[in-house]
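*Asks:* Sequence plus the predicted model coming up.
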Amino acid sequence: MYQILHDLNINVDKSTIFKAISTPDGLNNWWTLKCNGKPGIDEIFNLYFTDEYKWYAKITKFELDEVIEFTMTSSSLDWLSTNFAFILTEIDSNTTTVSFYHSNWKEENNEFRVTSYCWANLLRQLKNYLELGIITPFNDRN
């Protein structure tokens, strides 16, 4: 199995980041076009990008302000059964390290490489959203 890994520091507290990665309003500001779901273990999120990409994921790890992991349950074949997570480590009251992984990829194919690149861009947009209040329009995110 293959895994995508990214780490970044964001100059805000863990709670603010956790809301941005675990709530529909937060996710819509830097990743999805629109999504719905409730943050909590075993909850299902609809991750809506377009009519062609209406994906679903189950929250398989959840510790408030610490970690959230989503496991894909309905998606493209390459993403199916992969899981991605955000692990938050507070450096000080205004700086948090985000350790991101997207694991269980069956092969290191073109979709894997494109997804790694897209996650790097999306995590930069998450940082800009939280630190600077910049919400990149959905059609300009990837």
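*Replies:* Okay, I see it. Please read these numbers as outputs of a predicted model, since none were measured by experiment. Numbering: from 1, shown residues only.
*Asks:* For A120, grab phi and psi.
*Replies:* Main-chain torsions, A120, degrees, to the nearest 10: phi -60, psi -40.
*Asks:* Dump stretch 121-128 to PDB, restricted to CA.
*Replies:* Extracted C-alpha coordinates of stretch 121-128, given in PDB (Å, rounded to 0.1, in the frame of the first residue of the first chain):
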ATOM      1  CA  ASN A 121      -2.200  22.800  -2.800                       C
ATOM      2  CA  LEU A 122      -5.300  22.300  -0.700                       C
ATOM      3  CA  LEU A 123      -3.300  22.300   2.500                       C
ATOM      4  CA  ARG A 124      -1.700  25.600   1.400                       C
ATOM      5  CA  GLN A 125      -5.300  26.900   0.800                       C
ATOM      6  CA  LEU A 126      -6.300  25.600   4.300                       C
ATOM      7  CA  LYS A 127      -3.400  27.600   5.800                       C
ATOM      8  CA  ASN A 128      -4.200  30.800   3.800                       C
END
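*Asks:* hmm, who's touching it?
*Replies:* When contacts are taken as CB atoms under 8 Å, 6 or more residues apart in numbering, the neighbours of stretch 121-128 outside the stretch itself are 6, 8, 10, 17, 20-21, 30-31, 98, 100, 134, 136, 141-142. For the C-beta atoms, the positions are set from N, CA and C on the backbone; glycine is no exception.
*Asks:* gap between that stretch and the chain center?
*Replies:* Taking CA atoms, centre = their mean, to the nearest Å, one finds the center of stretch 121-128 at 10 Å from the center of the full chain.
*Asks:* repeat for stretch 28-47
*Replies:* In terms of CA atoms, centre = their mean, the gap separating the centre of stretch 28-47 from the centre of its chain is 10 Å.
*Asks:* Doesn't K127 lie inside a strand?
*Replies:* No. K127 sits outside any strand when classified using DSSP: H, G, I helix; E, B strand; the rest coil, being helix.
*Asks:* ok, it - how many residues close by?
*Replies:* Neighbouring residues of K127 were enumerated by other CB atoms under 10 Å; the total is 20.
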